[in-house]
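A.B. asks: Test case, fold it:
(2 chains)
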Amino acid sequence: MSLKRPIDYGMEKLNGLMSDMIILSEKALEKSIEAVLSRVDAIKEVRKMSDELLFMMDEVSELAVQLIARYQPVASDLREIKSAIQVSYDLSRIGRYAANISEIVTMIPESDCDFTQFKELSQIVLEMVKDIGKAYLNKDLTKAEEVKKRDDKVDELYAEYIKNLIEMNGRIDRACLLSIALAIRYLERIADHTCYIADAVSYILTGRKQ
Amino acid sequence: MSWAIEVNNLNVWYGDKHILKDVTFKVPKNIIFAIMGPSGCGKSTLLRAMNRLLDLNPYARVEGQVKINGIDVYSDNIDITWVRRQFGMVFQIPNPFPHLSIYENVALGPKVNGLVKDKSELDRLVKRALEQAYLWDEVKNDLKKPASMLSGGQQQRLCIARALALKPKIILMDEPTANLDPVASSKIEELMLELKEEYTIIIVTHNPQQAARISDYVAFLYMGELIEIGETSMVFTRPKHELTEKYVVGRMG
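C.D. replies: As a prediction, the model looks like this:
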């Protein structure tokens, strides 16, 4: 077994932080989806997770700067550090959108408001978030590419649902319509961030985006 | 494009030992070209094969071509003095003539080789070489003092001035900062960046960070084979070969 390089101790710490952020962003999204579907107020809880993710993003960039200053990383080390900065931002955005989704609960009218389409999309996007987290931590290019492919489906469904909502305008409560539109919009944005993370996995492994 | 130097299928043996294996590459003019690799990979041998310094080793055998301006330095009937004059060379341990004065260290080459007509021309040449080596201001009042009174970093710059005084085309540097402290090392590195405007510099280094800092192109040599060659910015961000990756991130051996 070979000895660890000095930079390896820092890289392990960086990966630990990234792993924590991945777990927390999944949890925030899961909680916010659950809150919308069961109309429960989880705003405080999800916002707290979102704030925590922002704080951790700063920790990641601080550590990344320290690693660059102390070890002058090159090649795969450098690509991984650069990507950690970007991916930590993506994860913090996922947390922020999760908070936005949880806030929708207060907008949904008491009367009938059908969130079936949101439910369908949320299942796909939540799986994408979970899988891209694993792909990032395991440096699994095949999985990352596969997650990215699923984004086409998300875009397709999003466009279709928005079209439906426009057609239904006037026939359903305006607050209902708006809350569904916003919720699926946030999901669509989250899916985009999983694609950016997929690009980062590719960049770390090959030096190129997909 | 005209090249400063072209190396074609270069092979070197020391006795039975195959030191350099089919090394082929080209060096553009006016750049810093770094050759890096772990100890024993053949990088110093490669440098010494270029200016035929290997001729001095009775056990060394060379095959292949090293071309300067299209002329193979290993071709028959070549004037070996001409070959050596194309190159200036700077070694790991600063090696000025310790008992000669600072002035004489630089003046000796041009005098012996009849490059100057008179004393005033020699004075100008010495001054110019010392200026180019960024040493003039530090030694202009001590030109008659022995070179041994200079610090290690100054001695190394004196060796560079001595090489420049012979107006070479290419400067070969074999680990020129390995024996210097960080401040003296950065002076040499800054100097190299200045000098590439006029010369082509080929530096051997076992410090990949140094190659990353100063070179334009870099070659990675491993066990006598040229594993990878490319623009420094590419080699240090996305090396093509797994061995290069291992070497530059410090995971080799």
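A.B. asks: as a whole number, average confidence for the host helix or strand of residue B:61?
C.D. replies: In this structure, residue B:61 is located in strand B:60-68 according to DSSP states H and E. Strand B:60-68 carries an average pLDDT of 97.
A.B. asks: SS state for the residue in the stretch 151-253 of chain B that chain A sits nearest to?
C.D. replies: Residue nearest to chain A within the stretch 151-253 of chain B: residue B:238 (3.0 Å; Cβ to the nearest Cβ). The way it works is simple: take the backbone N, C-alpha and C, and place the C-beta from them, glycine included. Look at residue B:238: counting by DSSP: H, G, I helix; E, B strand; the rest coil, its state is coil.
A.B. asks: quick one: it and residue A:79 touch, right?
C.D. replies: Yes. Between residue B:238 and residue A:79 there is a contact under Cβ atoms under 8 Å: 7.4 Å.
A.B. asks: if we can go back for a sec, what's near enough to touch the residue of the stretch 151-253 of chain B closest to chain A?
C.D. replies: Counting by Cβ atoms under 8 Å, 6 or more residues apart in numbering or on different chains, residue B:238 makes contact with A:75, A:79, A:206, A:207, A:208.
A.B. asks: correct me, but the second one touches residue A:203?
C.D. replies: Yes. Using Cβ under 8 Å, residue A:79 makes contact with residue A:203 at a distance of 5.9 Å.
A.B. asks: Find me the pLDDT at residue 142, would you?
C.D. replies: Reading this off chain A. Predicted confidence (pLDDT) for residue A:142: 98.
A.B. asks: To clarify, I was referring to chain B.
C.D. replies: With respect to pLDDT, residue B:142 scores 97.
A.B. asks: Not counting sequence-adjacent ones, nearest residue to it?
C.D. replies: residue B:102 (6.3 Å; Cβ to Cβ, 6 or more residues apart in numbering or on different chains).
A.B. asks: ok, residues contacting stretch A:97-108?
C.D. replies: Contacts of stretch A:97-108 (Cβ under 8 Å, 6+ apart): A:25, A:28-29, A:31-33, A:35-36, A:39-43, A:45-47, A:49-50, A:115, A:175-176, A:178-179, A:182-183, A:186-187, A:189-190.
A.B. asks: do that again at 7 Å, thanks
C.D. replies: Stretch A:97-108 is contacted by residues A:28-29, A:32-33, A:35-36, A:39-43, A:46-47, A:50, A:175-176, A:178-179, A:182-183, A:186, A:189-190 when judged by Cβ atoms under 7 Å, 6 or more residues apart in numbering or on different chains.
A.B. asks: Would you indicate which residues of it are buried?
C.D. replies: A:97, A:98, A:99, A:100, A:101, A:102, A:103, A:104, A:105, A:108 (16 or more other Cβ atoms under 10 Å in any protein chain shown).
A.B. asks: Now do the helices in chain A.
C.D. replies: Using DSSP state H, the helices of chain A run over A:6-37, A:43-71, A:75-104, A:116-138, A:141-168, A:174-206.
A.B. asks: Let me know which of the ones you listed is tucked in deepest.
C.D. replies: Counting by mean count of other Cβ atoms under 10 Å in any protein chain shown, helix A:75-104 has the highest mean neighbour count of these, with a mean of 23.
A.B. asks: Run the chain-centre distance for that one.
C.D. replies: Helix A:75-104 sits 7 Å away from the centroid of its parent chain (Cα atoms, centre = their mean, to the nearest Å).
A.B. asks: quick one: average confidence on that helix?
C.D. replies: Mean pLDDT, helix A:75-104: 97.
A.B. asks: Which neighbours do residue B:238 and residue A:79 have in common?
C.D. replies: Counting by Cβ under 7 Å, 6+ apart, the common neighbours of residue B:238 and residue A:79 are residue A:207.
A.B. asks: for the stretch 51-200 of chain B, what spans make up the strands?
C.D. replies: Applying DSSP state E, counting those that start in this stretch to the stretch 51-200 of chain B gives strands spanning B:60-68, B:71-72, B:87-90, B:170-174, B:200-205.
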